[in-house]
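**Q** got a predicted structure plus its sequence, pasted below:
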Amino acid sequence: MDAKTETLTPAAELAARGPVRFPNESAEYRAARTALLEEEYELRRHLARVAALRRGLPPGGEVKGDYRFMGEAGARDFAGLFGDKDTLILYSFMFGPQRERPCPMCTNLLGPLAANAQDLEQKVALGVVARSPVERLIAFKQERGWQGLKVYQDLNDAYSTDYHGLLPEGSEIPAINVFTRRDGTIRHFWSGEMTEGDPGQDPRGAPDPAPLWNFLDMTPEGRGADWYPKLTY
């Protein structure tokens, strides 16, 4: 059946017939939990709709810049980052030469990404781009135990500038960019463009790619507004 025309069971019905019950829960708790479960079903479906819209984007801009990188295995041009894959995910890591240590928030996100790198690379190419010398990137990668994660130095800042990892005044911001290679042409496919949070929020995308924040969102305290991860504790 075509997913676009399939009639879905209403989320309220799915939530109401959910079989899960926990020891000693009250009727008040179950009623509130069922209402929340309805919203969670709706959220799941909304995320699926957003992902489908993303996949349906028309071709993005062709990649034509003078982008040069240095990786652990030597120099690479942009096409060389794809390897034998047709899709490439690049994360812009806030670890420029002016930084004594890299961004803790980026580091927190990259840890889980490194743990999934080998799985991801069964389907797509994956890399982390930063502006520090590749030797610094390799040393930090080894410090954190990121064995499966490929790191690349942006040799001329051209990629970081064009794809919004480096702002005009020189400050760095994190960026996730996805590129495709079809019929020999490399194009930009998608980037996280959500740069402003709502009142009381830090800037964040949707869905948030960092497991840290997703797990804290499951707790009664939430993620809060006055705590951030550190490189060491």
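**A** Okay, I see it. Residues are numbered from 1 along each chain as shown.
**Q** low-scoring stretches of this structure, by residue?
**A** Applying pLDDT under 70 to the chain picks out residues 1-5.
**Q** please redo it, this time with the cut-off set to 90
**A** Where the chain drops to pLDDT under 90, the residues are 1-6, 193-208, 224-226.
**Q** mind naming the longest helix for it?
**A** Counting residues, the longest helix found in the chain (DSSP state H) is helix 27-55.
**Q** against which helices or strands is that helix packed?
**A** helix 11-16 (3 or more Cβ pairs under 8 Å, 6 or more residues apart in numbering; DSSP states H and E). (Each C-beta comes from the backbone N, C-alpha and C, glycine too.)
**Q** just give me how far the helix it packs on sits from the chain centre.
**A** Its chain's C-alpha centre lies 30 Å from the corresponding centre of helix 11-16 when counted by Cα atoms, centre = their mean, to the nearest Å.
**Q** which strands and helices sit next to it?
**A** Judged by 3+ Cβ pairs under 8 Å, 6+ apart, the packing partners of helix 11-16 are helix 27-55.
**Q** for the protein, just list every one of the strands.
**A** Ranges of strands in the chain, per DSSP state E, are 68-71, 74-77, 87-92, 125-130, 151-154, 175-182, 185-191.
**Q** what's the angle from the longest one to strand 125-130?
**A** In other words, strand 175-182. Between strand 175-182 and strand 125-130, the angle comes out at 140 degrees (axes from the mean of the first three to the mean of the last three Cα atoms, to 10 degrees).
**Q** tell me the angle strand 175-182 makes with strand 185-191.
**A** Using the same axes, to 10 degrees, strand 175-182 lies at 150 degrees relative to strand 185-191.
**Q** list the buried residues of strand 175-182.
**A** 175-181 (16 or more other Cβ atoms under 10 Å).
**Q** want to throw the strands of the chain into JSON lines with distance to Arg136?
**A** JSON lines is the format used below for these (distance: least, Cβ to Cβ, whole Å):
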{"stretch": "strand 68-71", "distance to Arg136": "11"}
{"stretch": "strand 74-77", "distance to Arg136": "17"}
{"stretch": "strand 87-92", "distance to Arg136": "16"}
{"stretch": "strand 125-130", "distance to Arg136": "8"}
{"stretch": "strand 151-154", "distance to Arg136": "8"}
{"stretch": "strand 175-182", "distance to Arg136": "19"}
{"stretch": "strand 185-191", "distance to Arg136": "25"}
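**Q** what sits against Ile176?
**A** Neighbouring residues of Ile176 by Cβ atoms under 8 Å, 6 or more residues apart in numbering: 89-92, 191-192, 205, 209.
**Q** and the two most separated of those residues?
**A** Within the contacts of Ile176, Leu90 and Gly205 form the most distant pair, 15.3 Å apart (Cβ to Cβ).
**Q** the more surrounded of these two?
**A** Between Leu90 and Gly205, Leu90 has the larger neighbour count (other Cβ atoms under 10 Å), namely 24 against 14.
**Q** settle this for me: the more buried one is touching Arg76, isn't it.
**A** No: counting by Cβ atoms under 8 Å, Arg76 is not a contact partner of Leu90; they are 11.8 Å apart.
**Q** perfect, I'm done here.
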